[in-house]
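A.B. asks: here are the coordinates; sequence isn't available:
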Ligand code: MEV
């Protein structure tokens, strides 16, 4: 018997980084998924294996990389934390095999680590015979997220847990509001992998030093997110695009963009996108564009010609799902 959990990745449409400081953000779960399965092991150890070529076993306090060397230990650490959080919460000492299969490119801002943590928590609790509600899944996966993003807002595991198009701010706790609208987004992947935690820390230091204008920027970002929410109600795509452009400029000012992102943003705007911005932690990774149907092909071509990989993504409504299977 094994438990299988599937969870979606995400694109942040408005408000990354600012969301850490209680600014509302708008985020969409996407149709790129991770699958995590958990099955019992007789030998009492924890074994984690990822289709990226990483595997480790954990016995007592000893870690043994089986595949991928030290990189494996680093990559799989949040997964170990997610599984251990559940095991310890239920005071279980059972051995487990955890297998990860992902269609979300990793370390490029599309929420792969959040989705893996969420699916790991859901699969681990299910195979141990415990039902967690969505709020508990989110809270447990936050432990792993703290390891990856240092001081995360929690928005990545939140959207992987609940799915859909959401507006959320930290003070809402685990209560996101769903926006019942559909939208197709063009992602441009620069292919530059980077650590979101590093960029969250850079912004944190600027905030702590009260760098001039930073608190005013928080106000501007709140205003952008609130206007975007209104534009979603009216499905005013032109305004949604213009607000993405403004959001990108704010992200540049706080120092989280990258020349590769700015290049794709510029090229897609020239190709007729209604708006473009970086998405996620920045510093490389991915950008997004909003475009009308007749401009989508030109926008994808512009991404390719500027050295990026275009990926069309749609909303994934379901959030995390988990079930038991014999095979
Ligand atoms: C990362 O996807 C989003 C950030 O705002 C970090 C966070 O909110 O945890 C950059």
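C.D. replies: Now that the structure is in, tell me what you want to look at. If you're wondering where the values come from, they're calculated on a predicted model, not measured in any experiment. Numbering: from 1, shown residues only.

A.B. asks: Who are the contact partners of the residue positioned nearest the centre of the chain?
C.D. replies: Centroid check for the chain by Cα atoms, centre = their mean gives residue 111 as the closest residue, at 2.0 Å. Contacts for residue 111 (Cβ atoms under 8 Å, 6 or more residues apart in numbering) come out as 8-11, 104, 156, 159-160, 280. C-beta: built from backbone N, CA, C; applies to glycine.

A.B. asks: Okay, buried residues for the strand ranked longest in the chain please.
C.D. replies: When the chain is parsed with DSSP state E, its longest strand is strand 25-41. By 16 or more other Cβ atoms under 10 Å, the buried positions in strand 25-41 come out as 25-30, 32-39.

A.B. asks: Show me the two of those residues that sit farthest apart.
C.D. replies: The largest distance within the buried residues of strand 25-41, taken as Cβ to Cβ, falls between 26 and 39 and amounts to 37.3 Å.

A.B. asks: Show the residue spans covered by the strands in the stretch 51-200 of the chain.
C.D. replies: Applying DSSP state E, counting those that start in this stretch to the stretch 51-200 of the chain gives strands spanning 54-59, 62-67, 95-102, 165-168, 177-178, 185-189.

A.B. asks: Looking at these, spot the one closest to the ligand.
C.D. replies: Nearest of the strands of the stretch 51-200 of the chain to the ligand, taken as Cβ to the nearest ligand atom: strand 165-168 at 9.9 Å.

A.B. asks: I'd like the next helix or strand past the host helix or strand of residue 230.
C.D. replies: Secondary structure from DSSP states H and E places residue 230 in helix 214-234. As assigned by DSSP H and E, the chain's next helix or strand after helix 214-234 is helix 237-253.

A.B. asks: Spell out which parts of the stretch 201-327 of the chain neighbour the ligand.
C.D. replies: By Cβ under 6 Å from any ligand atom, the residues of the stretch 201-327 of the chain that approach the ligand are 280-281.

A.B. asks: Please tabulate the contacts of residue 111 in TSV and include pLDDT as additional columns.
C.D. replies: Below are the contacts of residue 111 laid out as TSV (pLDDT from 0 to 100):
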residue	pLDDT
8	98
9	98
10	98
11	98
104	97
156	97
159	98
160	98
280	97
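
A.B. asks: Could you pick out which of those are located in helices?
C.D. replies: Among the contacts of residue 111, the ones falling in helices (DSSP state H) are 156, 159-160.

A.B. asks: so which of those comes closest to residue 292?
C.D. replies: Residue 292 has its nearest neighbour among the ones in helices among the contacts of residue 111 in residue 159, at 25.2 Å by Cβ to Cβ.

A.B. asks: Count residues in the vicinity of residue 92, would you?
C.D. replies: By the criterion of other Cβ atoms under 10 Å, residue 92 has 15 neighbours.

A.B. asks: same question but for residue 11, I mixed them up
C.D. replies: By the criterion of other Cβ under 10 Å, residue 11 has 26 neighbours.

A.B. asks: How about the closest residue in space to it that isn't next to it in sequence: which residues does it bridge to?
C.D. replies: Distance criterion Cβ to Cβ, 6 or more residues apart in numbering; nearest residue to residue 11, sequence neighbours excluded, is residue 279 at 4.9 Å. Note on residue 279: beta-bridge partners residue 286, judged by DSSP bridges.

A.B. asks: need the contact list for residue 279.
C.D. replies: Applying Cβ under 8 Å, 6+ apart, the residues near residue 279 are 11-13, 16, 109-110, 187, 285-288.

A.B. asks: Just the pLDDT for it.
C.D. replies: We have a pLDDT of 98 for residue 279.

A.B. asks: how near is it to residue 295?
C.D. replies: For residue 279, the distance to residue 295 (Cβ to Cβ, to the nearest Å) stands at 19 Å.

A.B. asks: what sits against residue 57?
C.D. replies: Going by Cβ under 8 Å, 6+ apart, residue 57 touches 45-48, 63-64, 66.

A.B. asks: could you redo the last one with a cut-off of 10 Å?
C.D. replies: Going by Cβ atoms under 10 Å, 6 or more residues apart in numbering, residue 57 touches 41, 43, 45-49, 63-66, 95, 97.
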